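Engineer: sequence first, predicted model second:
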Amino acid sequence: LDCVNRDTLGPQKRYLFKRKQPEAPNAEEVKLKALDWGQLNFLHTTDTHGWLEGHLKEKHYGGDWGDFSSFVTIMKEIAAFKQADLLLIDTGDLNDGNGMSDATAVSGERIRPLYTARPCQTKLANLKELPFDILTIGNHELYRPEIALDVYQNFAPFWGDRYLTSNVQIYDPNTGELNYIGKQYRHFQTKMGLNIMAFGFLFDFDRGANNTVVIKMEDSVKEQWFLDALAEGNVDLFLLAGHIPVRGSSEWTSAITAIRAVYPNTPIQIFGGHYHIRDFVAYDSRAVGLASGRYCETVGWISINGLNNTLSSDSGTGRPALNESTDDLRISRKYLDFNRFTFAFHTNLDQFDTRHGKKISHEITQIRHELNLTSIFGCAPQDYYLSRVAYEDKGSLIRLISQEAIPSVVVREARRNNPRIFLMNSGLLRFDIFKGLFTHDDSFIVAPFKNSFQFIPSVPYTIAKGVLSALNAGKVAKRREPEIGSLGNHGNHRPISQLYDISPGYVTYDDFGTDGDDTKHPELPNYHVPNYLQGNASFSVSEEPDSVDVIFIDFIARYVLDALKRSGKEYSLGDIQDYLPEEFYSRNVLPKYAQENWPC
Ligand SMILES: Nc1ccn([C@@H]2O[C@H](COP(=O)(O)O)[C@@H](O)[C@H]2O)c(=O)n1
Ligand SMILES: [Zn+2]
Ligand SMILES: [Zn+2]
């Protein structure tokens, strides 16, 4: 392959037969196990949110998009050698969460091309770097009209029938027509001859920009085009890629029910996302779903054997979807840590870089430089965690933001002495702050959104003091909380049984048990984060002022109105004013706070 550096790759047998443990790059020495390969295999990313530079401050998630490109390219070669299929899937939310994606005029405009980058010509048709087979859209591609348009005009056309938005549409600015952003489905044959019908869905999202439409999934799967697609027949496996949590989502129930009405036994493989966790669910004896985390921390792996009642030569691997099932279908799943050590191990190559992967890594460095991502606002005096410590802890990020940073930097001079409360959704905070340099990049990593501050002046305190609890009891302006058994940002939790001397990380308990994490980490603590937070200024908690200014993030305005009503007073949109005269967004709070409070 032109894109593979033959000097380092060598003949295939060098990496296919000599399985040796590559030298661990640092103290994080772990014993990984070879992956179970099947007839049909998948690698999956989701909710990358611009983290293509990798985690610069956490080595165990330190691989970048170039490393991943090399990994995927070689894994596809290994699949070809094994006469197996390997498909690469992504389930959306490409922007919002990192300087790489958000320090640009239109979020994601510099990172989306890194998905489609094809700087070397290949002799093989369809070999793209990265060679995604199916992608779908996330809610973050739809919040702002210009992002949705960029996806529609540039990203979707590149992928053709690989970019599936079966229930997401956009008004074409040139024709005024309502069109699907991508294609509705793809019916294709794999290299090894498996017939796959793929769809790409978004959860029932109602906050998209005005130029977009999301059709509820229960309606989508009743539409004629969907029924016609099912009627085409000749399907060995349904592949449903969706920006939808795999556990407990009525959206997936609708899709599985619709397919099962026509195909009671055909395997269904779901790839989900949006909750930012690792998870795997068995829906029935031939339908399973995988969620592969977030932020380029995880690469999900699935292998399937027994399709068309044929067990491959590697038929010993995998297990039935349900414990009690006697079905022939054998499935395995793994959550791989996104780092070079993992990629080297599973390609069985110490040097697994392709020329193309190196180019992508190089381009990432260039983009970071161009976007000035390493410029420094200050030095954080300690770590601040979103959910690793309790709210009362001085290392709590949500306490830092709600009690200190916002009250100190979000000030309308004319009302500086008025008692006031600040209300915000915790979902606007995306990641921890680590002690040390706090950079331009970190400011997007922690709080990427351009949400502005609004307020209702002089609300009676008797009403205002009930708003936070009314908000937390009401509709959620955040991703829905996973159910019990699947808590928090860090996956499902279980007692630690097998630990190595490595960094804390994901410890996952899913429908197949506790052996999903490729690297065994000590478990991170995980404290509940309420959906809404409040800070106060110009009065103390023991005081009862007559009235307060109620200041809030515009993203939650309608929920605040609803909560005020439930607390006893009805306000309307007309009562809401901008709090700050100039453009100042939630993403600007920490840079200003760091400049004023965190000297280096
Ligand atoms: N302008 C915005 C947009 C989104 N949010 C928060 O992000 C959550 C969704 O993120 P996922 O990665 O889980 O899709 C959303 O529920 C909000 O909490 C925001 O604060 N401001
Ligand atoms: Zn997301
Ligand atoms: Zn999402």
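Structural biologist: Cool, the structure landed. Ligands and ions are numbered 1, 2, ... in the order given.
Engineer: any idea how far ligand 2 is from the residue in the chain positioned nearest to ligand 1?
Structural biologist: Closest residue of the chain to ligand 1, C-beta to the nearest ligand atom: residue 427 (1.9 Å). C-betas here are computed from N, CA, C, even on glycine. From residue 427 over to ligand 2 the distance is 10 Å, taken as C-beta to the ion, to the nearest Å.
Engineer: equivalent analysis for residue 158, please.
Structural biologist: 22 Å.
Engineer: then residue 577?
Structural biologist: For residue 577 relative to ligand 2 (C-beta to the ion), the value is 31 Å.
Engineer: if I read this right, that residue contacts residue 454, doesn't it?
Structural biologist: Yes: if you go by C-beta atoms under 8 Å, residue 577 and residue 454 touch, sitting 6.6 Å apart.
Engineer: the two: who's more crowded?
Structural biologist: Taking other C-beta atoms under 10 Å, residue 577 and residue 454 do not tie; residue 454 has more neighbours (19 against 11).
Engineer: can you confirm the more buried one is in a helix?
Structural biologist: No: Residue 454 is assigned strand when assessed by DSSP: H, G, I helix; E, B strand; the rest coil, not a helix.
Engineer: now do the same for it: its pLDDT.
Structural biologist: Confidence at residue 454, expressed as pLDDT, is 98.
Engineer: please apply the same query to residue 106.
Structural biologist: 93.
Engineer: what of residue 503?
Structural biologist: pLDDT, residue 503: 83.
Engineer: counting contacts, what elements does the helix or strand hosting residue 441 pack onto?
Structural biologist: Following DSSP states H and E, one finds residue 441 within helix 440-446. Secondary-structure packing of helix 440-446 (3 or more C-beta pairs under 8 Å, 6 or more residues apart in numbering; DSSP states H and E): helix 99-102, strand 376-380, helix 589-597.
Engineer: the residue of the chain found nearest ligand 3: which element?
Structural biologist: Minimum separation of the chain from ligand 3 (C-beta to the ion) falls at residue 274, amounting to 3.9 Å. Element membership of residue 274, judged by DSSP H and E, is empty: it is in no helix or strand.
Engineer: how near is it to residue 205?
Structural biologist: For residue 274, the distance to residue 205 (C-beta to C-beta, to the nearest Å) stands at 9 Å.
Engineer: would you confirm that the residue of the chain closest to ligand 1 contacts residue 530?
Structural biologist: No: between residue 427 and residue 530 there is no contact, the gap being 10.9 Å when judged by C-beta under 8 Å.
Engineer: low-confidence regions, the stretch 51-200 of the chain specifically.
Structural biologist: 117-129 (pLDDT under 70).
Engineer: so what's the residue count around the residue of the chain closest to ligand 3?
Structural biologist: 26.
Engineer: ok, now which ones touch it?
Structural biologist: Neighbouring residues of residue 274 by C-beta atoms under 8 Å, 6 or more residues apart in numbering: 46, 47, 91, 93, 138, 139, 203, 243, 244, 245, 479.
Engineer: what's around the closest residue to the fourth one other than its chain neighbours, how many residues?
Structural biologist: Excluding its sequence neighbours, the residue lying closest to residue 93 (C-beta to C-beta, 6 or more residues apart in numbering) is residue 138, at 3.3 Å. The criterion is other C-beta under 10 Å. On that basis, residue 138 has 28 neighbouring residues.
Engineer: can I assume residue 138 is in contact with residue 94?
Structural biologist: Yes: at 6.9 Å, residue 138 and residue 94 qualify as touching, with contact defined as C-beta under 8 Å.
Engineer: in the stretch 501-600 of the chain, which segments are predicted with low confidence?
Structural biologist: Residues of the stretch 501-600 of the chain that meet the cut-off, pLDDT under 70, sit at 501.
Engineer: just say helix, strand or coil for residue 427.
Structural biologist: Assignment for residue 427 (three-state DSSP): helix.
Engineer: and the pLDDT for it?
Structural biologist: pLDDT at residue 427 comes out at 95.
Engineer: which helices and strands sit right next to the particular helix or strand that has residue 80 in it?
Structural biologist: Residue 80 belongs to helix 65-81 when elements are defined using DSSP H and E. Helices and strands touching helix 65-81, by 3+ C-beta pairs under 8 Å, 6+ apart, are helix 12-17, strand 40-45, strand 85-90, helix 340-347, helix 355-370.
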